[in-house]
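> Sharing a sequence plus its predicted fold:
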Amino acid sequence: VQLQASGGGLVQAGGSLRLSCAVSGRTFTSSFMAWFRQAPGKEREFVAAIRWGGGSTYYVDFVKGRFTVSRDNAKNMLYLEMNSLKPEDTAVYYCAAGYAARGPMDYWGQGTQVTVSS
């Protein structure tokens, strides 16, 4: 499985961004696609996940109501819609694939930078 994340950028607090992740290779209905992030000086943390088959979603508490994870199985795409962004959301965002919603993940994309200015 190969993953290619895109869509990051610079946005003001309160703004929105949509991250995309192109998925190639084999995927399984039992697998999970997830977004993680890593801020400077901090460990990488789970953000959101979706089951490739069925579409069940999972979120970390601090993004619930602001972020939405979705996928398009036909296009092999994973998305993360981020609204009401805060400066503390600044991080490199990674898409990942595995067999557990919150990890450990087996495959990782290269990351895309999201910077939220105050």
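Thanks, I have the structure now.

> Quick one: classify Gly53 as helix, strand or coil.
Classification of Gly53 using DSSP: H, G, I helix; E, B strand; the rest coil returns coil.

> burial measure for it, as a count.
Gly53 has 13 neighbours, counted by other Cβ atoms under 10 Å. Every C-beta, even on glycine, is put in place using the N, C-alpha and C of the backbone.

> Do I have it right that it meets Met33?
No - contact criterion Cβ atoms under 8 Å: Gly53 and Met33 do not qualify, at 10.7 Å.

> which neighbours do those two share?
The overlap between the contact sets of Gly53 and Met33 (Cβ atoms under 8 Å, 6 or more residues apart in numbering) is empty.

> in the chain, what spans have low per-residue confidence?
Residue ranges of the chain with pLDDT under 70: 29.

> center of it, which residue is that?
Trp35 (2.5 Å; Cα atoms, centre = their mean).

> any idea how far it lies from Ser118?
23 Å (Cβ to Cβ, to the nearest Å).

> likewise Tyr93?
19 Å.

> and these two? which has more neighbours close in?
The residue with more neighbours, out of Tyr93 and Ser118, is Tyr93; 23 against 9, by other Cβ under 10 Å.
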